[in-house]
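>>> Quick one: sequence plus predicted model below, questions after.
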Amino acid sequence: MRKRAKALAADPRSDGWYGLLANDLMALGRLDEAEHTTQEQIALQASANAKARLSSIEALRGNAAAALEKAEQVAPGKSRDFALAN
């Protein structure tokens, strides 16, 4: 995770590093930080993957209603399908 954070610091406009860091934070159970990082990624470039990650974060929090609401906001496609399956 430190390498990803360093890469992000070196290239703060790369939305891909935000996504990788958010995934690492989710795996560590640091959901508030993962959500914040994902929101930063969306501010740079609103991707379906990032929006679907917000749904996964809510699912990990045990908030099924919020997870479904966020999943339904993802544009149709594979990311939305994944979010709805969680």
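Cool, got the structure.

>>> quick one, what contacts the nearest residue to residue 47 once chain neighbours are set aside?
Among residues not flanking residue 47 along the chain, residue 15 sits closest, at 6.9 Å (Cβ to Cβ, 6 or more residues apart in numbering). Heads up, the C-betas are built off the backbone N, CA and C, glycines and all. Applying Cβ atoms under 8 Å, 6 or more residues apart in numbering to residue 15 gives the contacts 41, 44, 45, 47, 50.

>>> Arrange those residues in a markdown table, one row each, with distance to residue 65 as further columns.
Putting these into a markdown table (distance: Cβ to Cβ, whole Å) gives the following:
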| residue | distance to residue 65 |
| --- | --- |
| 41 | 24 |
| 44 | 28 |
| 45 | 27 |
| 47 | 24 |
| 50 | 21 |
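
>>> of those, closest to residue 59?
Of all those, residue 50 has the smallest distance to residue 59: 15.3 Å, by Cβ to Cβ.

>>> shaky segments in the protein?
Scanning the chain for pLDDT under 70 picks out 1, 7-8, 12.

>>> Helices along that one, start to end?
For the chain, helices defined by DSSP state H occupy the ranges 2-10, 15-27, 31-44, 48-60, 64-72, 78-85.

>>> Let me know which of the ones you listed is tucked in deepest.
Compared across the helices of the chain, helix 48-60 shows the largest average neighbour count, a mean of 21 (mean count of other Cβ atoms under 10 Å).

>>> ok, now how distant is residue 34 from residue 18?
10 Å (Cβ to Cβ, to the nearest Å).

>>> Nothing else from me, thank you.
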